[in-house]
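**Student:** Got a predicted structure plus its sequence, pasted below:
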Amino acid sequence: MSFFQRFLYSILVMFLLTHFTLAVDPVVKRFSGYQEFLRGESKGIAVSSDGRLMLGPGRTIVLETDEPFIYSTVATPQGTIYIGTGNDGKVFRISDTGKKELAKLDEPGVYALALDSANRLYAGTAPEGKVYRISEDGKAEVFFDPEEKFIWDLVFDKNDNLYVATGTRGIVYKVDPAGKKTEFFDSDETHVVTLELDLEGNLLAGSAPEGLLYRISTQGDKKSFTLLDSDLEEMKAITVDRYGIIYAASLSGASRLTTVAETAAAGSGKEASQGKDNSGDEIKKVKTEPAGRLHVYRVERNGLVRTIYTSNTEIAFDIAVRSDGSIILATGNKGRIIALDTNGFKTLLMDTEEEQITRLFTSGSDLYAATSNLGKVLRIDQAPREKGEYLSEIIDAGATSLWGTISWTVRNPTRREGITLYTRSGNTKKPGDTWSAWSEAYTNPEGSQISSQASTYLQWKLSYAPEVRGSSLLADENSVDSVSVTYQQYNLPPRISSLTIHSNGIAFAKNQGSPPPAGGTYPGGPDGAHTLSLPENIRKLETPEQSAMARKVYIPAARSISWDAADPNQDDLTYSVLISRNSSPEWKLLEEGLTEKYYTIDGASFPDGDYKVKIIVSDLPANPKDSALTDELVSNTFRINNLAPVITWESSPGNGITAFSVTTSATRLFRVEYSIDSRHWSVVFPKDGITDSRSESYQVEVPPGTKSIQVRAIDDNGNIGSGSREIE
């Protein structure tokens, strides 16, 4: 951040401190638990399933290939390691004599490597599937050339028979040491993607796209049996522990390695088979989806299957079993290595800079991981790193806030020094140059005042120094269980976003389901006799409407208002209602301290005329009186009209005609109806043919023998006037 930027930022903070008050209630943001800590970024920090941060295992880069992908690995008992890559079809060797590129094959992807009993190296390729035998000096010769496009995996049995997993017909081939091939197993799947031998020498095979796990006898009958039908797309990895228990990982919802190669093959042709750049570009364009699904299964020797781990955000490319019985998963999307102990508890061992961990393998007592994007080989150390850092997810305070204290809890502390925290703050969602620099170290776990500037966003960083390094991998001492940050928003004023004036006669009843308040009636009279005579907006109230706000009922002369309001600090709010006649500048208080967002005015208590209401909202319930803030909103003009239409009888022109006029006090006349001798009611139109003014004249033809005529008139506000006349 430049000097000028820092100067502007300090001016802004001073303005906020002097012009805004703090909201009354501080917020405590507590970070704890495995899932919450995973949302941060680990740099040498492991996360245990019970939600602890600790120094993770150290790592050493033993090979950087400059290739985008590492697809396959194999190691000899003597410690020599071979690496198969893409997109240039290269094979690398790591040995006591050094690291070198051993061979470059014609196909762009080396998806499988295997060693026979004499430690001779074999490589399977795609998208023009071939199996090569590679000599110590790097000379590659075609050992097996099937019709298949993809060679996904290779495994040798104790008699040096080579089993070859292929696609796109899902066939497993058996090739004897002399190179004679047979179709060993036809899976009826598109791909067989992974192979392994169990302790009895049976072949285990995983398929796609149905995600099946097969066991096929390698004896004469070649009998096959489906051990597991996953509900995911690809049975990606299989391993067997020393007790014969099978572990398998299936995945879906992501760009699988099979999809990568299929994409390359789709437009490759001859150039792809020769490893030209256009095929390489096709492979590089395939990116892992942001999320996938993962299931890890344990298959007992008696066939019992248990799901020991599931995830809707991770995918696993490989699986390994350690000597202590723990399971190690190589995952994609974020390049993480996850450990599962014998009780199913998970630990994030390592969060790498690469996008995918594609392979896990052992050489001697060492565990290795191969990465993609970019292709590297890492040795996982047996002891924790000397130091590590953890970056939290960003805290969003929702508004400019004053940061309080930061504290943390340490399990089994052996020393106070060595675990330090830092903070930085800013007003953009992502940290950048406009954020403050990292603070000085906080060293007191019981709580330190945060020195970062007031802002909307904050991030904290945890750092382990070498002096707190444990003696064993993932030591229990000095692990951080939780981190807490307190903050308090500057008080912001509430806002009224809308104000509605409801139709005349609508009233809000607080007690839902109860009869209308005293003096209230339902529209249309007690028996609904004149419901159809009322305007439509009042007619709809025949059955009281239930709502979250209140029940609506009809009360003559009532005028109701409702409004929407919110507070950016989520403070509790109260409301005041004021009224003013248009001819007067004075506002009169009707009600204060309301918590509901509605109010009904008793229009019968006000003279007819035009009025406005004002709503004032206050956050006083959540703030001291001298720092509470308000907002207000004034309504449009509305009319209070309580006088019923007046019916005036006029001189009749004779010939059985009765004449009268109707006049309203303030609003348009809505409808006029008449009844002869108290029988049914009929609508009558004014003499000019349209009811569109406050005064209209009417004539009604009276049949001979009529004794009386009744008239009722309704205005737009639902006021009803009536009259009758005897007929001589």
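**Tutor:** Looks like it came in fine. Since this is a predicted model, take the numbers as computed values, not measurements.

**Student:** any idea how far the longest strand that the chain contains is from the chain center?
**Tutor:** The strand of greatest length in the chain, counted in residues with DSSP state E as the criterion, is given as strand 395-411. Between the mean C-alpha location of strand 395-411 and the chain-wide mean there is a distance of 23 Å, by C-alpha atoms, centre = their mean, to the nearest Å.

**Student:** Give the buried residues for it.
**Tutor:** Burial within strand 395-411, assessed by neighbour count using 16 or more other C-beta atoms under 10 Å, is assigned to 395, 397, 399-408, 410. All C-beta atoms are positioned from the backbone trio N, CA, C, and that covers glycine.

**Student:** any chance of the residues you listed in JSON lines, plus distance to Ile601?
**Tutor:** Below are these laid out as JSON lines (distance: C-beta to C-beta, whole Å):
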{"residue": "Ile395", "distance to Ile601": "46"}
{"residue": "Ala397", "distance to Ile601": "40"}
{"residue": "Ala399", "distance to Ile601": "35"}
{"residue": "Thr400", "distance to Ile601": "39"}
{"residue": "Ser401", "distance to Ile601": "40"}
{"residue": "Leu402", "distance to Ile601": "42"}
{"residue": "Trp403", "distance to Ile601": "46"}
{"residue": "Gly404", "distance to Ile601": "45"}
{"residue": "Thr405", "distance to Ile601": "50"}
{"residue": "Ile406", "distance to Ile601": "52"}
{"residue": "Ser407", "distance to Ile601": "53"}
{"residue": "Trp408", "distance to Ile601": "56"}
{"residue": "Val410", "distance to Ile601": "62"}
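
**Student:** for these, which one is nearest Asp567?
**Tutor:** When the buried residues of strand 395-411 are compared for distance to Asp567, the smallest value, 10.4 Å, is given by Ala399; criterion: C-beta to C-beta.

**Student:** Where do the helices of the stretch 501-650 of the chain begin and end?
**Tutor:** Defined through DSSP state H, counting those that start in this stretch, the helices belonging to the stretch 501-650 of the chain, from first to last, are 536-539.

**Student:** just for it, where's the confidence low?
**Tutor:** Counting by pLDDT under 70, the stretch 501-650 of the chain contains low-confidence residues at 511-549.

**Student:** can you map out the strands along it?
**Tutor:** For the stretch 501-650 of the chain, strands defined by DSSP state E, counting those that start in this stretch occupy the ranges 506-509, 551-554, 558-566, 574-581, 588-594, 598-602, 609-618, 630-634, 638-640, 646-654.

**Student:** List the contacts of the last one.
**Tutor:** The reference is to strand 646-654. 658-664, 697, 699, 711, 713, 721-723, 725 (C-beta atoms under 8 Å, 6 or more residues apart in numbering).

**Student:** helix or strand right after that strand?
**Tutor:** Secondary structure here is assigned by DSSP states H and E; on that basis, the next helix or strand after strand 646-654 toward the C-terminus is strand 657-663.

**Student:** Quick one: distance of that following strand to the chain centre.
**Tutor:** In terms of C-alpha atoms, centre = their mean, the centre of strand 657-663 is found 69 Å from the chain centre.

**Student:** Would you give the sheet partners of the longest strand of the chain, along with the direction of each?
**Tutor:** strand 448-449 (antiparallel), strand 455-464 (antiparallel), strand 479-489 (antiparallel) (DSSP bridges).

**Student:** Distance to Thr630, mean pLDDT and mean neighbour count added to the ones you listed, as a markdown table?
**Tutor:** Written out in a markdown table, the entries for the strands paired with strand 395-411 read as follows (distance: least, C-beta to C-beta, whole Å; pLDDT from 0 to 100; neighbours: other C-beta atoms under 10 Å):
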| stretch | distance to Thr630 | mean pLDDT | mean neighbour count |
| --- | --- | --- | --- |
| strand 448-449 | 32 | 96 | 14 |
| strand 455-464 | 24 | 96 | 22 |
| strand 479-489 | 17 | 94 | 21 |
